[in-house]
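Visitor: requesting a structural model of the entry that follows:
(chains A and B)
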Amino acid sequence: MTLSNPVESEQFSFSNNTFYIKDTLKMANTGHFVKAYSQIVPNISAREITIDLSGLEHIDSAGTTAIHHLTRQLSQKNIEVITKGANASVKEKLELFTLPDEINEKPKADGGFLYTIGENTIEFFKTYIRDFILLMADVFYWSMVDLFNRRQRRKGAFVNQAITIGVNAVPIVVALSFIIGLVLALQSAAQLQNFGANIFIVDLIVISMMGEMGPLITAILVAGRSGSAIAAEIATMKVTSETDALQTMGLNPIRFVVVPKIYGSLLTMPFLTVLANVFGIMGGMLAAYLYLDITPEVFFNRMPDALYQKDILTGIIKSLVFGAIVVLTGTFFGSNVENGAEGLVKPPPNQSWPP
Amino acid sequence: MDKTSNIIEVQNLSVAFDEREVLTDVSFTVQPEQITVILGGSGSGKTTILKHLLNLYPSPENTTFVFNKDVAGLSEEEQTEFYLNMGVFYQNGALINSLTVIENVALPLEQHTTLPDNIIRQMVLMKLGLVNLKEAAHLYPAQLSGGMLKRAALARAIIMDPPLLFCDEPGAGLDPVSLASLDQLILDLREQLGMTIVMVTHEVSSILRVADKIIFLEKGQIIFEGAKKEALESDIESVQEFFGKGTGK
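Guide: Numbers count the residues shown, from 1 in each chain, chains lettered A, B, ... in the order given. This is a model prediction of the structure:
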């Protein structure tokens, strides 16, 4: 089978209201044949057309489809079609591969631009927001139940999750927050120097790291590292019917799988955030020393003036919220998987988990 | 070397993974328009042979010939040409989950031909009609039953009208009724399209229905090669045991 054959113009021709097809009509040249007759058919005015296959020796399913398609097109123009001259093998193939009836497709509602926006918004709320809220409520309920009822609690599950989500993330959180603190201080140093406000580098670093950057960096890293892992784990469990197995064993999949992750995340995120704060500030301190000649001693002395209890508490509370969101989001996308791993990208609508 | 009468010819193929010998001196032929069944117990080397025939495992030179060509050392272009001449029907269907049935079946045509979209669509529906799956054209593989999945995979395997079709355990996981209808479909394909079919299977009922020729493997060696009738009358213990147990004798 060669698919790169050049078009042999002698293979198809049209004259005296007759299509002549010679030699072979296979996948390699059918495309050219279709192109050729598509240009001819609209200009035909005769009431009778002949398709002469006497020179045609070989045909495959592509060729038969094209001949049937040509016949159908001509018939739709109320032109009578006479097919003649087909040898036994070609005739057999033409009878075997008949043109199928079109299948009925669901007509897509087209109510214009605003209609589409409205429909997509409703779909978004139904698919994501409503189900996410339901999942959140479910997880909260089972977390509370698990807190006060030790039965069915898997031994070691919570510690394992704390290690997976929290402890194993320490190196990357420490390294990145140190670098971000360093870069933040470096970028600000030049500006502050212009105004002679070198000492305020301490306020800038401490407030931004404690209040915003620390919790945010930690959350982003944990989401990238553990959130996707949670989604993949739960998706695999769903695809391989492990969640069904849990249910039929009388175990609630959320309590069994998600609650330990929530506990692990809630316990370790504040610690990770504090670590991110400390190392971010250390990075800033290094940059302040190198570029603004602010010694660590001066930096430490200035810190209590810049730091308020409120900032520390806000950061910790944020980390708890981020921790819960990371686990819930991973669980949500993982549990919506239906069509294999591809479902991770686009969960099918109207599906909830557990089913 | 002239091997015009054989679609496939394997000569003294021996394969070892690390130091474990998987195939020992395997030689057999596959004739055109026949259904050749390769069978044997687990670990007998069936899948390894199939992968060598499909050139998924590298074969030593002058051991594996498909369409009279040595599969060892095919260039990139020859390899594409080689694969265009065959369809492969995988055990689990191997359909692409993110595409609908119609998109899955159309994929080879879209990639390898210059056919316009409307002709491709008609061809796909035609082939889906051949396997009685036209109504499921717009479903995703995850929405299909086991039998439907197999039929969709078969439609994809035959979309390019390949003269050679490989079937890897086509009946695995199917109920007897679905299996019988799949076998009938395979027989029809051979009958109507003149395909040469190489099938790897365990299903005795299926073998009895479709096989023209049987190649029986044991511990990496061919212990029987011949027509179905000969296999049923064979006095080789393993072959007797296989068919005896399978037919409830």
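Visitor: which helix in chain B has the most residues?
Guide: Counting residues, the longest helix found in chain B (DSSP state H) is helix B:176-193.
Visitor: sec struct for the residue in the stretch 51-200 of chain A that chain B sits nearest to, please.
Guide: Nearest residue of the stretch 51-200 of chain A to chain B (Cβ to the nearest Cβ) works out as A:P100 at 4.1 Å. Quick note: C-beta positions are derived from backbone N, CA and C, even for glycine. Going by DSSP: H, G, I helix; E, B strand; the rest coil, the secondary structure assigned to A:P100 is coil.
Visitor: dihedrals phi and psi, it?
Guide: Reported as degrees, to the nearest 10, the phi and psi values for A:P100 are phi -80, psi 160.
Visitor: just checking, it touches B:M126?
Guide: Yes. With contact defined as Cβ atoms under 8 Å, A:P100 reaches B:M126; the gap is 5.2 Å.
Visitor: one step back: list the buried residues in the longest helix of chain B.
Guide: In terms of neighbour count (16 or more other Cβ atoms under 10 Å in any protein chain shown), helix B:176-193 has its buried residues at B:S178, B:L179, B:S181, B:L182, B:D183, B:L185, B:I186, B:L189, B:R190, B:L193.
Visitor: give me the number of residues near the residue of the stretch 51-200 of chain A closest to chain B?
Guide: 20 (other Cβ atoms under 10 Å in any protein chain shown).
Visitor: give me the distance between it and A:V34.
Guide: 17 Å (Cβ to Cβ, to the nearest Å).
Visitor: now do the contacts for A:V139.
Guide: A:I254, A:V258, A:V259, A:I262, A:V327, A:L328, A:T331 (Cβ atoms under 8 Å, 6 or more residues apart in numbering or on different chains).
Visitor: same list, those residues, but as CSV with distance to B:D18, secondary structure and neighbour count please.
Guide: Below are the contacts of A:V139 laid out as CSV (distance: Cβ to Cβ, whole Å; DSSP: H, G, I helix; E, B strand; the rest coil; neighbours: other Cβ atoms under 10 Å in any protein chain shown):
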residue, distance to B:D18, secondary structure, neighbour count
A:I254, 45, helix, 22
A:V258, 43, helix, 26
A:V259, 45, helix, 26
A:I262, 46, helix, 24
A:V327, 43, helix, 28
A:L328, 47, helix, 22
A:T331, 42, helix, 27
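Visitor: so who does residue 225 touch?
Guide: Went with chain A since none was named. A:A169, A:I172.
Visitor: looking at chain B here, not the other one
Guide: Under the criterion of Cβ under 8 Å, 6+ apart, the neighbours of B:E225 are B:F28, B:K213, B:I214, B:I215, B:F216.
Visitor: tell me which of those fall in strands.
Guide: B:F28, B:K213, B:I214, B:I215, B:F216 (DSSP state E).
Visitor: what sits opposite the fourth one in the beta ladder?
Guide: Read it as B:I215. Beta-bridge partners recorded for B:I215 (DSSP bridges): B:I38, B:E225.
Visitor: equivalent analysis for the first one, please.
Guide: B:F28 has these beta-bridge partners by DSSP bridges: B:V10.
Visitor: tell me how many other residues crowd it.
Guide: Neighbour tally, B:F28, other Cβ under 10 Å: 18.
Visitor: give me every residue that touches it.
Guide: So B:F28 contacts B:I8, B:E9, B:V10, B:I215, B:I222, B:E225 (Cβ under 8 Å, 6+ apart).
Visitor: domains in chain B, by residue range?
Guide: Following automatic domain parsing, one finds the domains of chain B at B:8-85+B:162-246, B:100-161.
Visitor: the first one: how far from the chain's middle?
Guide: This means domain B:8-85+B:162-246. 7 Å (Cα atoms, centre = their mean, to the nearest Å).
Visitor: hang on, the earlier thing: any chance of the domains of chain B in JSON lines, with mean pLDDT too?
Guide: Shown next, in JSON lines, are the domains of chain B (pLDDT from 0 to 100):
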{"stretch": "domain B:8-85+B:162-246", "mean pLDDT": "87"}
{"stretch": "domain B:100-161", "mean pLDDT": "88"}
